[in-house]
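Participant: Pasting a predicted model and its sequence here:
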Amino acid sequence: MNVAAAKTVQPGTASPAAAPAHIAARGLAVDFTVQGRRQRVLNDINIAVPKGSFVSLIGPSGCGKSTLLKAMAGLVTPSEGEMRVAGLAPQEAVKARLIGLVFQEATLLPWKNAIENAAFLLMTADEKMKRSEAFDRAGKMLKMVGLEGSEKKMPSQLSGGMRQRVAIARALALDPEVLLMDEPFGALDAITREEMSECLLDIWERTNKTIVLVTHSIDEAVLLSREVHVMGTGPARIIETLPITVPHPRNEASYADPAFTAAENRLRSLLIESHRRGRK
Ligand SMILES: Nc1ncnc2c1ncn2[C@@H]1O[C@H](COP(=O)(O)OP(=O)(O)OP(=O)(O)O)[C@@H](O)[C@H]1O
């Protein structure tokens with residue numbers, strides 16, 4: 001894929017326009033050494049995520065989605081090629097507070113309440129920030145994720161979905177340009193998961209952050225994304241980048257849109273093919 005010619009589609013439109021990549025991987029490869037044996041996990045990954053876009057990574061279990069996301073977050077070092085986030089090496093982008101991370105487990109501090117958890121990274125990142133200012137920002141983010149009124153609740157008093165909302169608020173409180181999310185709703189029941197998808201869609205449309213989501217859910221990928229990168233195994237590479245043309249604003253009714261069904265079918269057949277190849 002030509003990185004410079006990245007496609008972008010504004011919410012509410014379907015026409016692609018050229019835009020510089022906010023996240024760019026060029027010829028990226030990642031090797032891991034396990035028991036003295038070097039193993040290639042990602043090979044020749046080329047990705048260009050335009051600023052303000054929402055993209056998903058989907059593919060068979062173990063194909064390398066999380067590894068690619070970790071490379072974007074500077075948690076994994078490329079063996080070949082390069083990764084840039086906002087023009088910087090990922091570790092630099094993390095230092096500049098340009099990257100927010102959300103994982104499958106909310107990992108809240110159990111002895112701190114919702115607002116203290118949401119303010120935690122902010123206060124750690126900026127020791128000079130006044131507690132009142134951090135709490136003010138964290139409170140606004142809790143409101144954005146639909147947790148107004150639950151600020152004083154302890155993690156043990158929150159449902160799984162609510163805990164994940166706090167984790168999203170905590171990442172958003174840093175006001176990062178990029179939000180990297182690794183199966184954030186993977187542990188939630190189907191209905192809570194749909195509610196969380198709609199919450200995330202709303203956040204994206206309001207903040208215009210660049211979001212990369214790792215998911216196993218085809219529905220989630222289609223509802224949320226402008227583009228879905230489908231990964232294949234052995235070693236992982238991008239086998240297809242599918243633009244999603246479901247019109248914005250997207251909501252529950254979008255599931256019935258013909259573009260939704262077409263994208264869903266295409267992704268399903270790509271995943272089946274990818275699974276079959278992985279078994280050979
Ligand atoms: N730190 C590591 N050391 C060695 N091997 C690793 C490491 N992290 C991941 N792997 C291997 O790399 C491959 C890709 O793992 P990764 O977690 O990126 O896949 P994934 O697509 O996110 O999987 P899943 O969908 O099951 O979460 C797997 O074979 C995994 O065992």
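Facilitator: Sure, I can see it. Everything quoted here is computed from the prediction, not taken from an experiment. Numbers count the residues shown, from 1 in each chain.
Participant: Show the low-confidence segments of the stretch 151-280 of the chain, by residue range.
Facilitator: Within the stretch 151-280 of the chain, the segments meeting pLDDT under 70 span 279-280.
Participant: how about the residues of it that lie near the ligand?
Facilitator: For the stretch 151-280 of the chain, the contact set with the ligand under C-beta under 6 Å from any ligand atom is empty. (Glycine included, C-beta is placed from N, CA and C.)
Participant: Helices of the stretch 51-200 of the chain, start to end?
Facilitator: In the stretch 51-200 of the chain, the helices defined using DSSP state H, counting those that start in this stretch lie at 65-72, 90-95, 114-125, 131-144, 160-173, 190-207.
Participant: List the contacts of the second one.
Facilitator: Residues outside helix 90-95 that contact it (C-beta atoms under 8 Å, 6 or more residues apart in numbering): 71-74, 83-86, 99, 178.
Participant: how's this protein carved up into domains?
Facilitator: The chain breaks down by automatic domain parsing into domains covering 3-98+176-279, 108-175.
Participant: Throw these into CSV and include mean neighbour count, thanks.
Facilitator: Shown next, in CSV, are these (neighbours: other C-beta atoms under 10 Å):
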stretch, mean neighbour count
domain 3-98+176-279, 18
domain 108-175, 18
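Participant: any idea whether the residue nearest to residue 82 when sequence neighbours are not counted is helix, strand or coil?
Facilitator: Using C-beta to C-beta, 6 or more residues apart in numbering and skipping residues adjacent in sequence, the residue nearest residue 82 is residue 26, 5.5 Å away. What DSSP: H, G, I helix; E, B strand; the rest coil gives for residue 26 is strand.
Participant: still on that earlier bit, name the nearest of the contacts of helix 90-95 relative to the ligand.
Facilitator: Nearest to the ligand, judged by C-beta to the nearest ligand atom, of these is residue 71 at 9.5 Å.
Participant: about what we covered before: and the gap between the residue nearest to residue 82 and the ligand?
Facilitator: 19 Å (C-beta to the nearest ligand atom, to the nearest Å).
Participant: what pLDDT does that residue get?
Facilitator: On the pLDDT scale, residue 26 is placed at 95.
Participant: again, but for residue 5
Facilitator: pLDDT, residue 5: 36.
Participant: circling back: list just the one of the helices of the stretch 51-200 of the chain that sits closest to residue 260.
Facilitator: Closest of these to residue 260 is helix 190-207, at 12.9 Å (criterion: C-beta to C-beta).
Participant: and the angle from that closest one to helix 131-144?
Facilitator: Helix 190-207 runs at 120 degrees relative to helix 131-144, counting by axes from the mean of the first three to the mean of the last three C-alpha atoms, to 10 degrees.
Participant: residues in contact with helix 190-207?
Facilitator: Residues contacting helix 190-207 (C-beta under 8 Å, 6+ apart): 11, 54, 144-146, 159-161, 164-165, 168, 172, 181, 184-185, 188, 209, 211, 213, 217, 220, 223-224, 248-252.
Participant: try stretch 266-280
Facilitator: Here stretch 266-280 makes contact (C-beta under 8 Å, 6+ apart) with 58-60, 63, 218, 221-222, 228, 230-234, 239-240, 242.
Participant: With stretch 150-168 instead?
Facilitator: Contacts of stretch 150-168 (C-beta under 8 Å, 6+ apart): 102-103, 106-115, 117-118, 139, 141-142, 145-147, 184-185, 187-188, 192, 195-196, 199-200, 203.
Participant: Then stretch 127-145?
Facilitator: Outside stretch 127-145, the residues that reach it (C-beta under 8 Å, 6+ apart) are 114-115, 118-119, 122-123, 126, 148, 150-151, 165-166, 168-170, 172-173, 175, 199, 203, 206.
Participant: And stretch 25-39, by the same measure?
Facilitator: Residues outside stretch 25-39 that contact it (C-beta under 8 Å, 6+ apart) are 3, 40-47, 64, 67-68, 71-72, 76-83, 235.
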